[in-house]
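> Predicted model follows, preceded by the sequence.
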Amino acid sequence: MDKEINRRTFLKGITGSAVGLAAMGMMGGVSAIAEEPEKAAPAVEGKKQFSGIYNVRYVTEDLVYLGVSDRRIELFENVYPVPRGISYNSYLLLDEKTVLFDTVDRSVSGQFFENLEHALGERKLDYLIVNHMEPDHSSAIAQVVHRYPEVKILCTELAVSMIAQFHEIDIAKHGYAVSEGMELVTGRHRLIFTLAPMVHWPEVMMTYDATDKILFSADAFGTFGAPGGNLFADEVNFETEWLADARRYYTNIVGKYGPQVQAVLAKAAALDIAMVCPLHGPIWRENIGWFIDKYDKWSSYTPEEDAVLVVYGSVYGSTENAAGVLATKLSEGGARNVTVLDVSKTHVSELIAESFRCSHIVLASITYNMGIFTPMKNFIADLQAHNLQNRCYSIIENGSWSPASGNLMRALMDEMPGMRQVGGIVTVRSTTNEESYGALGTLAQEILSSLNGSAPAADEPAAEAAVSAWRCTVCGYIYEGASLPADYTCPLCGVGPDKFEPVS
Ligand code: FEO
(Lines give C-alpha, C1' and ligand atoms only; values in the text may rest on other atoms or scores of the structure.)
Protein backbone atom coordinates (compact mmCIF):
# COMPACT_ATOMS: atom_id res chain seq x y z
CA MET A 1 0.00 0.00 0.00
CA ASP A 2 1.44 3.32 -1.05
CA LYS A 3 1.31 5.58 1.99
CA GLU A 4 1.62 8.63 -0.26
CA ILE A 5 -1.57 7.55 -1.94
CA ASN A 6 -3.17 7.13 1.47
CA ARG A 7 -2.33 10.66 2.48
CA ARG A 8 -3.64 12.07 -0.72
CA THR A 9 -6.68 9.89 -0.69
CA PHE A 10 -8.21 10.74 2.62
CA LEU A 11 -8.54 13.65 4.90
CA LYS A 12 -8.39 12.88 8.56
CA GLY A 13 -11.15 14.10 10.78
CA ILE A 14 -14.67 15.22 10.22
CA THR A 15 -13.94 18.55 8.56
CA GLY A 16 -12.82 18.94 5.00
CA SER A 17 -14.97 16.17 3.63
CA ALA A 18 -15.33 17.72 0.22
CA VAL A 19 -11.58 17.87 -0.08
CA GLY A 20 -11.41 14.24 0.87
CA LEU A 21 -13.95 13.45 -1.80
CA ALA A 22 -12.08 15.36 -4.47
CA ALA A 23 -8.86 13.73 -3.43
CA MET A 24 -10.33 10.33 -4.15
CA GLY A 25 -9.31 11.03 -7.72
CA MET A 26 -12.68 12.53 -8.59
CA MET A 27 -11.76 16.16 -8.92
CA GLY A 28 -14.68 18.44 -9.45
CA GLY A 29 -16.60 17.82 -6.23
CA VAL A 30 -20.05 16.47 -5.68
CA SER A 31 -21.72 18.00 -8.70
CA ALA A 32 -19.05 16.71 -11.02
CA ILE A 33 -19.44 13.25 -9.56
CA ALA A 34 -23.18 13.37 -10.03
CA GLU A 35 -22.65 14.16 -13.69
CA GLU A 36 -20.22 11.34 -14.20
CA PRO A 37 -21.84 8.79 -16.48
CA GLU A 38 -22.82 5.64 -14.69
CA LYS A 39 -21.49 2.40 -16.05
CA ALA A 40 -23.51 -0.73 -16.05
CA ALA A 41 -22.27 -3.61 -14.01
CA PRO A 42 -20.31 -6.01 -16.14
CA ALA A 43 -22.02 -9.00 -17.57
CA VAL A 44 -22.05 -11.80 -15.06
CA GLU A 45 -21.14 -15.17 -16.40
CA GLY A 46 -23.38 -17.91 -15.26
CA LYS A 47 -25.73 -15.54 -13.51
CA LYS A 48 -28.69 -17.83 -13.81
CA GLN A 49 -26.86 -20.74 -12.30
CA PHE A 50 -28.52 -19.57 -9.12
CA SER A 51 -32.11 -20.83 -9.02
CA GLY A 52 -34.05 -18.00 -7.54
CA ILE A 53 -34.54 -14.28 -7.49
CA TYR A 54 -33.20 -11.39 -5.47
CA ASN A 55 -34.24 -11.13 -1.83
CA VAL A 56 -33.43 -7.70 -0.44
CA ARG A 57 -34.97 -5.28 2.01
CA TYR A 58 -34.51 -1.53 2.34
CA VAL A 59 -33.08 -0.52 5.69
CA THR A 60 -33.46 3.19 4.96
CA GLU A 61 -34.44 4.99 1.78
CA ASP A 62 -30.98 4.48 0.32
CA LEU A 63 -29.51 1.60 2.27
CA VAL A 64 -30.32 -1.92 1.12
CA TYR A 65 -29.82 -5.13 3.06
CA LEU A 66 -28.25 -7.74 0.79
CA GLY A 67 -27.47 -10.32 3.44
CA VAL A 68 -28.31 -13.98 3.23
CA SER A 69 -29.49 -16.41 5.90
CA ASP A 70 -28.01 -19.89 5.96
CA ARG A 71 -30.19 -22.45 7.73
CA ARG A 72 -28.41 -25.49 6.33
CA ILE A 73 -25.19 -24.88 8.18
CA GLU A 74 -24.57 -27.24 11.11
CA LEU A 75 -21.47 -25.75 12.69
CA PHE A 76 -20.48 -22.11 12.45
CA GLU A 77 -16.68 -21.88 12.15
CA ASN A 78 -16.91 -25.68 12.09
CA VAL A 79 -17.23 -25.52 15.88
CA TYR A 80 -20.45 -23.91 17.07
CA PRO A 81 -23.82 -25.58 16.50
CA VAL A 82 -26.28 -23.15 14.95
CA PRO A 83 -29.65 -24.93 14.90
CA ARG A 84 -31.32 -21.60 14.17
CA GLY A 85 -28.89 -20.90 11.34
CA ILE A 86 -26.91 -17.72 10.85
CA SER A 87 -27.00 -14.75 8.53
CA TYR A 88 -24.15 -13.10 6.70
CA ASN A 89 -25.08 -9.45 6.50
CA SER A 90 -24.06 -7.10 3.74
CA TYR A 91 -25.39 -3.65 2.95
CA LEU A 92 -25.43 -1.45 -0.14
CA LEU A 93 -25.55 2.32 0.11
CA LEU A 94 -27.06 3.94 -2.97
CA ASP A 95 -25.78 7.49 -2.71
CA GLU A 96 -24.18 9.53 -5.50
CA LYS A 97 -21.56 6.86 -5.14
CA THR A 98 -22.45 3.27 -4.43
CA VAL A 99 -20.87 1.60 -1.43
CA LEU A 100 -20.98 -2.07 -0.49
CA PHE A 101 -20.36 -2.86 3.17
CA ASP A 102 -18.67 -6.27 3.40
CA THR A 103 -19.64 -9.38 1.50
CA VAL A 104 -20.77 -12.85 2.60
CA ASP A 105 -19.63 -16.40 3.11
CA ARG A 106 -19.01 -18.29 -0.11
CA SER A 107 -21.79 -20.75 0.77
CA VAL A 108 -24.40 -18.07 0.09
CA SER A 109 -22.61 -16.04 -2.56
CA GLY A 110 -25.10 -17.02 -5.28
CA GLN A 111 -28.00 -15.32 -3.53
CA PHE A 112 -25.74 -12.46 -2.52
CA PHE A 113 -24.74 -11.58 -6.08
CA GLU A 114 -28.35 -11.91 -7.18
CA ASN A 115 -29.18 -9.35 -4.50
CA LEU A 116 -26.27 -7.06 -5.32
CA GLU A 117 -26.98 -7.06 -9.02
CA HIS A 118 -30.62 -6.25 -8.45
CA ALA A 119 -29.97 -3.51 -5.92
CA LEU A 120 -27.38 -1.84 -8.13
CA GLY A 121 -29.55 -2.01 -11.22
CA GLU A 122 -27.66 -0.33 -14.01
CA ARG A 123 -25.26 1.40 -11.67
CA LYS A 124 -21.65 0.45 -11.15
CA LEU A 125 -20.15 -0.36 -7.79
CA ASP A 126 -17.80 2.39 -6.63
CA TYR A 127 -16.61 1.22 -3.22
CA LEU A 128 -16.34 -1.93 -1.18
CA ILE A 129 -15.74 -1.23 2.49
CA VAL A 130 -14.22 -4.25 4.22
CA ASN A 131 -14.81 -3.91 7.92
CA HIS A 132 -13.73 -7.47 8.69
CA MET A 133 -11.61 -9.96 6.78
CA GLU A 134 -12.79 -13.24 8.31
CA PRO A 135 -13.94 -15.31 5.34
CA ASP A 136 -17.57 -15.46 6.45
CA HIS A 137 -17.64 -11.81 5.34
CA SER A 138 -14.85 -11.57 2.84
CA SER A 139 -14.86 -14.70 0.72
CA ALA A 140 -16.70 -12.94 -2.11
CA ILE A 141 -14.20 -10.07 -2.43
CA ALA A 142 -12.41 -11.52 -5.45
CA GLN A 143 -15.72 -12.09 -7.22
CA VAL A 144 -16.78 -8.53 -6.48
CA VAL A 145 -13.57 -7.24 -8.04
CA HIS A 146 -14.02 -9.55 -11.00
CA ARG A 147 -17.57 -8.34 -11.60
CA TYR A 148 -16.92 -4.67 -10.83
CA PRO A 149 -13.32 -4.09 -11.93
CA GLU A 150 -13.37 -0.37 -11.11
CA VAL A 151 -14.29 -0.89 -7.48
CA LYS A 152 -12.10 0.65 -4.79
CA ILE A 153 -11.65 -1.38 -1.63
CA LEU A 154 -11.40 0.58 1.62
CA CYS A 155 -10.10 -1.25 4.68
CA THR A 156 -7.41 -1.11 7.33
CA GLU A 157 -3.80 -1.53 6.35
CA LEU A 158 -3.69 -4.97 7.94
CA ALA A 159 -6.78 -5.96 5.99
CA VAL A 160 -5.01 -4.98 2.78
CA SER A 161 -2.35 -7.57 3.45
CA MET A 162 -4.98 -10.13 4.43
CA ILE A 163 -6.85 -9.56 1.18
CA ALA A 164 -3.62 -10.32 -0.64
CA GLN A 165 -3.27 -13.49 1.40
CA PHE A 166 -6.81 -14.70 0.77
CA HIS A 167 -7.43 -13.49 -2.78
CA GLU A 168 -5.58 -13.33 -6.03
CA ILE A 169 -6.52 -9.81 -6.97
CA ASP A 170 -4.46 -6.76 -7.81
CA ILE A 171 -4.61 -5.22 -4.35
CA ALA A 172 -2.23 -2.40 -5.34
CA LYS A 173 -4.84 -1.33 -7.88
CA HIS A 174 -7.97 -1.73 -5.78
CA GLY A 175 -6.93 -1.38 -2.14
CA TYR A 176 -6.94 1.83 -0.12
CA ALA A 177 -5.88 1.67 3.51
CA VAL A 178 -7.74 3.85 5.94
CA SER A 179 -6.94 4.77 9.51
CA GLU A 180 -8.75 6.10 12.53
CA GLY A 181 -10.99 9.06 11.81
CA MET A 182 -10.57 9.10 8.05
CA GLU A 183 -13.73 9.70 6.15
CA LEU A 184 -15.35 9.22 2.81
CA VAL A 185 -18.09 11.44 1.44
CA THR A 186 -20.29 9.64 -1.04
CA GLY A 187 -22.69 12.49 -1.81
CA ARG A 188 -25.25 12.95 0.95
CA HIS A 189 -23.51 10.54 3.27
CA ARG A 190 -20.36 11.05 5.28
CA LEU A 191 -18.71 7.80 6.35
CA ILE A 192 -16.13 7.81 9.13
CA PHE A 193 -13.83 4.89 9.81
CA THR A 194 -12.92 3.82 13.32
CA LEU A 195 -10.61 0.97 14.22
CA ALA A 196 -11.82 -1.94 16.32
CA PRO A 197 -8.85 -4.32 16.62
CA MET A 198 -9.60 -7.79 18.02
CA VAL A 199 -13.33 -7.38 17.69
CA HIS A 200 -12.86 -10.01 16.54
CA TRP A 201 -9.69 -10.05 14.41
CA PRO A 202 -6.86 -7.51 14.52
CA GLU A 203 -7.75 -5.85 11.20
CA VAL A 204 -11.34 -5.03 12.15
CA MET A 205 -12.76 -1.57 11.76
CA MET A 206 -16.25 -0.13 11.99
CA THR A 207 -17.80 2.47 9.75
CA TYR A 208 -20.03 5.22 11.08
CA ASP A 209 -22.45 6.94 8.74
CA ALA A 210 -22.54 10.39 10.32
CA THR A 211 -25.40 11.46 8.07
CA ASP A 212 -27.95 8.84 9.09
CA LYS A 213 -26.21 7.95 12.39
CA ILE A 214 -25.71 4.31 11.45
CA LEU A 215 -22.90 2.23 12.88
CA PHE A 216 -21.73 -0.63 10.69
CA SER A 217 -20.36 -2.60 13.61
CA ALA A 218 -18.67 -5.64 12.00
CA ASP A 219 -19.02 -8.72 14.24
CA ALA A 220 -19.98 -6.63 17.26
CA PHE A 221 -23.68 -6.75 18.15
CA GLY A 222 -24.13 -9.81 15.96
CA THR A 223 -25.81 -13.03 16.91
CA PHE A 224 -26.31 -16.61 15.86
CA GLY A 225 -29.71 -17.20 14.28
CA ALA A 226 -31.03 -16.49 10.83
CA PRO A 227 -33.51 -13.65 10.38
CA GLY A 228 -36.42 -14.47 8.15
CA GLY A 229 -37.84 -11.29 6.71
CA ASN A 230 -38.03 -9.67 10.13
CA LEU A 231 -34.76 -7.89 9.74
CA PHE A 232 -34.91 -5.57 12.74
CA ALA A 233 -34.49 -6.61 16.36
CA ASP A 234 -37.68 -4.75 17.20
CA GLU A 235 -39.61 -6.98 14.80
CA VAL A 236 -38.81 -10.15 16.76
CA ASN A 237 -39.04 -11.24 20.38
CA PHE A 238 -35.35 -10.68 20.82
CA GLU A 239 -35.10 -11.09 24.59
CA THR A 240 -37.01 -14.37 24.70
CA GLU A 241 -36.05 -15.90 21.35
CA TRP A 242 -32.68 -14.40 20.39
CA LEU A 243 -30.80 -13.30 23.48
CA ALA A 244 -29.47 -16.76 24.36
CA ASP A 245 -27.98 -17.10 20.88
CA ALA A 246 -26.64 -13.53 21.00
CA ARG A 247 -24.93 -14.32 24.30
CA ARG A 248 -23.57 -17.60 22.96
CA TYR A 249 -22.31 -15.81 19.86
CA TYR A 250 -20.59 -12.99 21.74
CA THR A 251 -19.07 -15.02 24.55
CA ASN A 252 -17.67 -17.72 22.31
CA ILE A 253 -16.57 -15.60 19.36
CA VAL A 254 -15.39 -12.40 20.99
CA GLY A 255 -15.52 -13.20 24.71
CA LYS A 256 -11.77 -13.44 25.08
CA TYR A 257 -11.34 -9.84 23.95
CA GLY A 258 -13.28 -8.00 26.64
CA PRO A 259 -10.85 -5.07 27.01
CA GLN A 260 -10.88 -4.47 23.27
CA VAL A 261 -14.69 -4.51 23.22
CA GLN A 262 -14.73 -2.10 26.15
CA ALA A 263 -12.50 0.24 24.12
CA VAL A 264 -14.93 0.11 21.21
CA LEU A 265 -17.89 0.72 23.51
CA ALA A 266 -16.12 3.80 24.82
CA LYS A 267 -15.75 5.05 21.26
CA ALA A 268 -19.37 4.24 20.50
CA ALA A 269 -20.50 6.19 23.55
CA ALA A 270 -19.20 9.34 21.87
CA LEU A 271 -21.31 8.74 18.77
CA ASP A 272 -24.95 9.55 18.20
CA ILE A 273 -26.18 6.15 17.06
CA ALA A 274 -29.66 5.67 15.64
CA MET A 275 -29.04 2.28 14.10
CA VAL A 276 -26.54 -0.57 14.40
CA CYS A 277 -25.96 -2.76 11.38
CA PRO A 278 -23.93 -5.84 12.42
CA LEU A 279 -22.54 -8.56 10.20
CA HIS A 280 -24.73 -11.27 11.72
CA GLY A 281 -28.34 -11.22 12.87
CA PRO A 282 -30.91 -8.47 13.27
CA ILE A 283 -30.35 -4.74 12.83
CA TRP A 284 -30.86 -2.50 15.86
CA ARG A 285 -32.86 0.71 15.61
CA GLU A 286 -34.77 0.63 18.92
CA ASN A 287 -33.70 -0.09 22.46
CA ILE A 288 -30.06 -0.07 21.39
CA GLY A 289 -28.98 0.88 24.91
CA TRP A 290 -30.40 -2.38 26.27
CA PHE A 291 -28.20 -4.43 23.94
CA ILE A 292 -25.16 -2.23 24.54
CA ASP A 293 -25.64 -2.82 28.25
CA LYS A 294 -25.47 -6.57 27.62
CA TYR A 295 -22.22 -6.06 25.72
CA ASP A 296 -20.90 -3.91 28.52
CA LYS A 297 -21.56 -6.67 31.05
CA TRP A 298 -20.20 -9.47 28.88
CA SER A 299 -17.06 -7.59 27.92
CA SER A 300 -16.33 -6.45 31.47
CA TYR A 301 -16.87 -10.00 32.76
CA THR A 302 -19.68 -8.80 34.96
CA PRO A 303 -22.34 -11.44 35.66
CA GLU A 304 -25.57 -10.70 33.88
CA GLU A 305 -27.59 -12.19 36.74
CA ASP A 306 -27.20 -13.32 40.33
CA ALA A 307 -27.82 -16.93 39.38
CA VAL A 308 -26.32 -20.38 39.84
CA LEU A 309 -25.05 -22.64 37.09
CA VAL A 310 -24.40 -26.24 38.11
CA VAL A 311 -22.28 -28.20 35.64
CA TYR A 312 -21.70 -31.86 36.39
CA GLY A 313 -19.63 -34.65 34.88
CA SER A 314 -21.00 -38.03 35.83
CA VAL A 315 -20.52 -41.55 34.52
CA TYR A 316 -22.96 -43.69 36.50
CA GLY A 317 -25.24 -40.99 37.86
CA SER A 318 -23.98 -40.46 41.41
CA THR A 319 -22.31 -37.14 40.72
CA GLU A 320 -25.38 -36.13 38.74
CA ASN A 321 -27.43 -37.03 41.82
CA ALA A 322 -25.23 -34.86 44.05
CA ALA A 323 -25.54 -31.95 41.60
CA GLY A 324 -29.31 -32.42 41.58
CA VAL A 325 -29.48 -32.49 45.38
CA LEU A 326 -27.53 -29.25 45.56
CA ALA A 327 -29.82 -27.63 42.97
CA THR A 328 -32.90 -28.67 44.96
CA LYS A 329 -31.48 -27.29 48.17
CA LEU A 330 -30.61 -24.04 46.40
CA SER A 331 -34.16 -23.84 45.09
CA GLU A 332 -35.65 -24.58 48.49
CA GLY A 333 -33.53 -21.77 49.84
CA GLY A 334 -35.01 -19.30 47.39
CA ALA A 335 -32.60 -19.37 44.46
CA ARG A 336 -34.40 -18.89 41.15
CA ASN A 337 -33.38 -19.90 37.65
CA VAL A 338 -30.88 -22.49 38.81
CA THR A 339 -29.44 -24.10 35.70
CA VAL A 340 -28.15 -27.69 35.79
CA LEU A 341 -26.21 -28.92 32.76
CA ASP A 342 -24.50 -32.20 31.92
CA VAL A 343 -20.99 -31.38 30.77
CA SER A 344 -20.93 -34.50 28.59
CA LYS A 345 -24.06 -33.64 26.64
CA THR A 346 -24.14 -29.87 26.57
CA HIS A 347 -22.13 -28.17 23.86
CA VAL A 348 -19.30 -26.24 25.42
CA SER A 349 -20.43 -23.05 23.68
CA GLU A 350 -23.61 -23.16 25.75
CA LEU A 351 -21.63 -23.84 28.91
CA ILE A 352 -19.45 -20.83 28.16
CA ALA A 353 -22.47 -18.60 27.52
CA GLU A 354 -24.17 -19.68 30.73
CA SER A 355 -20.96 -19.10 32.65
CA PHE A 356 -20.89 -15.52 31.40
CA ARG A 357 -24.55 -15.11 32.42
CA CYS A 358 -24.37 -16.46 35.96
CA SER A 359 -22.66 -15.10 39.03
CA HIS A 360 -22.09 -18.52 40.61
CA ILE A 361 -20.72 -21.67 38.99
CA VAL A 362 -20.74 -25.08 40.63
CA LEU A 363 -18.47 -27.73 39.14
CA ALA A 364 -19.22 -31.34 40.05
CA SER A 365 -16.88 -33.94 38.62
CA ILE A 366 -15.94 -37.50 39.11
CA THR A 367 -12.30 -38.43 39.43
CA TYR A 368 -11.20 -39.93 36.14
CA ASN A 369 -7.78 -41.45 35.50
CA MET A 370 -6.78 -39.79 38.75
CA GLY A 371 -7.72 -36.43 37.32
CA ILE A 372 -10.70 -34.37 36.27
CA PHE A 373 -13.35 -35.98 34.06
CA THR A 374 -12.15 -35.15 30.57
CA PRO A 375 -15.24 -33.19 29.40
CA MET A 376 -15.10 -31.13 32.60
CA LYS A 377 -11.38 -30.50 32.17
CA ASN A 378 -12.02 -29.38 28.60
CA PHE A 379 -14.81 -27.08 29.76
CA ILE A 380 -12.60 -25.41 32.36
CA ALA A 381 -9.86 -25.05 29.74
CA ASP A 382 -12.40 -23.34 27.49
CA LEU A 383 -13.40 -21.02 30.33
CA GLN A 384 -9.76 -20.06 30.66
CA ALA A 385 -9.42 -19.62 26.91
CA HIS A 386 -12.38 -17.24 26.92
CA ASN A 387 -10.89 -15.26 29.77
CA LEU A 388 -13.83 -15.60 32.15
CA GLN A 389 -13.29 -13.64 35.33
CA ASN A 390 -14.94 -12.49 38.51
CA ARG A 391 -17.17 -15.40 39.41
CA CYS A 392 -17.94 -17.30 42.57
CA TYR A 393 -17.37 -21.00 42.18
CA SER A 394 -18.00 -24.10 44.25
CA ILE A 395 -16.80 -27.66 43.84
CA ILE A 396 -18.15 -31.17 44.29
CA GLU A 397 -15.83 -34.08 43.66
CA ASN A 398 -16.48 -37.78 43.52
CA GLY A 399 -14.08 -40.66 43.77
CA SER A 400 -14.51 -44.27 44.80
CA TRP A 401 -11.00 -44.81 46.14
CA SER A 402 -9.03 -41.60 45.81
CA PRO A 403 -11.06 -38.47 45.06
CA ALA A 404 -8.73 -36.04 43.28
CA SER A 405 -10.79 -33.92 40.91
CA GLY A 406 -11.74 -31.29 43.50
CA ASN A 407 -8.34 -29.81 44.17
CA LEU A 408 -7.41 -30.04 40.52
CA MET A 409 -10.55 -28.11 39.49
CA ARG A 410 -9.93 -25.55 42.20
CA ALA A 411 -6.36 -25.03 41.00
CA LEU A 412 -7.56 -24.38 37.46
CA MET A 413 -10.35 -22.04 38.56
CA ASP A 414 -7.92 -20.10 40.74
CA GLU A 415 -5.72 -19.47 37.71
CA MET A 416 -8.46 -17.21 36.35
CA PRO A 417 -8.67 -13.61 37.58
CA GLY A 418 -11.22 -12.69 40.19
CA MET A 419 -12.43 -16.20 40.95
CA ARG A 420 -13.58 -16.80 44.50
CA GLN A 421 -14.43 -20.16 45.98
CA VAL A 422 -17.62 -20.35 48.01
CA GLY A 423 -17.70 -23.18 50.55
CA GLY A 424 -15.30 -26.04 50.81
CA ILE A 425 -14.94 -28.93 48.41
CA VAL A 426 -17.74 -31.43 48.94
CA THR A 427 -16.40 -34.94 48.54
CA VAL A 428 -18.67 -37.79 47.51
CA ARG A 429 -17.34 -41.30 47.72
CA SER A 430 -19.09 -43.32 45.05
CA THR A 431 -22.58 -42.25 46.13
CA THR A 432 -23.93 -39.54 48.34
CA ASN A 433 -24.32 -40.70 51.93
CA GLU A 434 -25.62 -38.99 55.02
CA GLU A 435 -22.37 -37.13 55.53
CA SER A 436 -22.00 -35.83 52.00
CA TYR A 437 -25.74 -35.08 51.85
CA GLY A 438 -25.22 -32.83 54.83
CA ALA A 439 -22.18 -31.26 53.21
CA LEU A 440 -24.25 -30.48 50.13
CA GLY A 441 -26.81 -28.77 52.35
CA THR A 442 -24.08 -26.71 53.96
CA LEU A 443 -22.68 -25.77 50.57
CA ALA A 444 -26.13 -24.73 49.39
CA GLN A 445 -26.50 -22.43 52.38
CA GLU A 446 -23.11 -20.87 51.71
CA ILE A 447 -23.98 -20.26 48.08
CA LEU A 448 -27.34 -18.77 49.06
CA SER A 449 -25.64 -16.47 51.52
CA SER A 450 -23.21 -15.41 48.83
CA LEU A 451 -26.06 -14.82 46.38
CA ASN A 452 -27.81 -12.65 48.92
CA GLY A 453 -24.68 -10.70 49.58
CA SER A 454 -24.68 -11.72 53.21
CA ALA A 455 -21.50 -13.72 53.01
CA PRO A 456 -17.97 -12.44 52.47
CA ALA A 457 -16.96 -12.40 48.84
CA ALA A 458 -14.29 -14.93 49.54
CA ASP A 459 -14.32 -17.70 52.03
CA GLU A 460 -12.96 -16.83 55.40
CA PRO A 461 -10.01 -19.07 56.12
CA ALA A 462 -11.12 -21.98 58.22
CA ALA A 463 -9.63 -22.50 61.60
CA GLU A 464 -6.53 -24.59 61.49
CA ALA A 465 -7.42 -28.27 61.65
CA ALA A 466 -5.11 -31.12 62.36
CA VAL A 467 -3.47 -32.71 59.33
CA SER A 468 -4.49 -36.34 59.10
CA ALA A 469 -3.30 -37.25 55.61
CA TRP A 470 -1.47 -36.01 52.51
CA ARG A 471 -2.90 -35.95 49.01
CA CYS A 472 -0.81 -36.20 45.85
CA THR A 473 -1.78 -33.21 43.70
CA VAL A 474 -0.73 -35.06 40.56
CA CYS A 475 -2.65 -38.32 40.86
CA GLY A 476 -4.75 -37.93 43.99
CA TYR A 477 -3.15 -40.72 46.00
CA ILE A 478 -3.73 -40.35 49.73
CA TYR A 479 -0.95 -40.97 52.23
CA GLU A 480 -2.46 -41.39 55.67
CA GLY A 481 -0.50 -39.84 58.50
CA ALA A 482 0.14 -36.48 60.10
CA SER A 483 3.52 -36.01 58.49
CA LEU A 484 4.95 -37.05 55.16
CA PRO A 485 8.43 -38.62 55.11
CA ALA A 486 10.97 -36.31 53.46
CA ASP A 487 12.02 -38.94 50.95
CA TYR A 488 8.53 -40.16 50.19
CA THR A 489 7.55 -40.84 46.59
CA CYS A 490 4.00 -41.40 45.40
CA PRO A 491 3.43 -45.12 44.78
CA LEU A 492 1.08 -44.32 41.87
CA CYS A 493 2.80 -41.57 39.93
CA GLY A 494 6.25 -41.34 41.48
CA VAL A 495 6.38 -37.64 42.37
CA GLY A 496 8.11 -36.40 45.51
CA PRO A 497 6.76 -34.81 48.69
CA ASP A 498 6.69 -31.31 47.18
CA LYS A 499 3.67 -32.47 45.14
CA PHE A 500 1.65 -33.46 48.19
CA GLU A 501 -0.75 -31.24 50.07
CA PRO A 502 -2.08 -31.70 53.59
CA VAL A 503 -5.57 -33.05 54.18
CA SER A 504 -7.31 -32.07 57.39
FE1 FEO B 1 -18.41 -13.09 11.48
FE2 FEO B 1 -15.27 -12.71 12.80
O3 FEO B 1 -16.54 -13.15 11.52
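Perfect, thanks for sending it.

> In terms of pLDDT, where does whichever residue of the stretch 1-150 of the chain sits closest to the ligand sit?
Ranked by Cβ to the nearest ligand atom, the top residue of the stretch 1-150 of the chain for proximity to the ligand is Glu134, at 3.6 Å. C-betas here are computed from N, CA, C, even on glycine. Looking at Glu134, its pLDDT reads 97.

> do the same with Cys490
For Cys490, the model assigns a pLDDT of 78.

> Can you tell me how far it is from the ligand?
46 Å (Cβ to the nearest ligand atom, to the nearest Å).

> Give me the neighbour count for the residue of the stretch 1-150 of the chain closest to the ligand.
Residues lying near Glu134 (other Cβ atoms under 10 Å) number 19.

> Please apply the same query to Gly229.
Applying other Cβ under 10 Å, I find that Gly229 has 9 neighbouring residues.

> Distance of it relative to Val56?
Going from Gly229 to Val56 by Cβ to Cβ, to the nearest Å gives 11 Å.

> got the end-to-end distance for stretch 295-314?
34 Å (Cα to Cα, to the nearest Å).

> Report the distance from it to the chain centre.
Centroid separation for stretch 295-314 versus its chain: 14 Å, with Cα atoms, centre = their mean, to the nearest Å.

> now do stretch 64-71
Worked out by Cα atoms, centre = their mean, stretch 64-71 lies 20 Å from the chain centre.

> Please identify the buried residues of that stretch?
Residues of stretch 64-71 classed as buried: 64-70 (neighbour count, 16 or more other Cβ atoms under 10 Å).

> and the two most separated of those?
Val64 and Asp70 (19.4 Å; Cβ to Cβ).

> Quick check: residues of this structure near the ligand?
Contact residues, the chain versus the ligand (Cβ under 6 Å from any ligand atom): 132, 134, 136-137, 200-201, 219, 279-280.

> can you do 8 Å?
By Cβ under 8 Å from any ligand atom, the residues of the chain that approach the ligand are 88, 132, 134, 136-137, 200-201, 204, 218-219, 222, 253-254, 279-280.

> and after the helix or strand bottoming out on mean pLDDT in the chain, which helix or strand comes next?
Every helix and strand of the chain was ranked by mean pLDDT, DSSP states H and E. The lowest is helix 29-35, at a mean of 31. Next helix or strand after helix 29-35 toward the C-terminus (DSSP states H and E): strand 57-60.

> And that following strand, what's buried?
Val59.

> Now for Phe356: which residues touch it?
By Cβ atoms under 8 Å, 6 or more residues apart in numbering, the contact list for Phe356 reads 247, 251, 255, 298, 301, 303-304, 388.

> one more time with 10 Å, if that's ok
247-248, 250-252, 255, 258, 297-299, 301-304, 309, 383, 386, 388, 391 (Cβ atoms under 10 Å, 6 or more residues apart in numbering).

> Of these, which belong to helices?
247-248, 250-252, 258, 297-299, 383 (DSSP state H).

> Could you identify the most distant pair in the residues of the chain next to the ligand?
Between all members of the residues of the chain next to the ligand, the farthest pair (by Cβ to Cβ) comes out as Tyr88 and Val254, at 16.7 Å.

> between the two, who's got more neighbours?
Tyr88 (27 against 22).

> Now that one: closest residue in space that isn't a chain neighbour?
Nearest residue to Tyr88, sequence neighbours excluded (Cβ to Cβ, 6 or more residues apart in numbering): Val104, at 3.8 Å.

> how many neighbours does the one you found have?
Around Val104 there are 28 residues (other Cβ under 10 Å).
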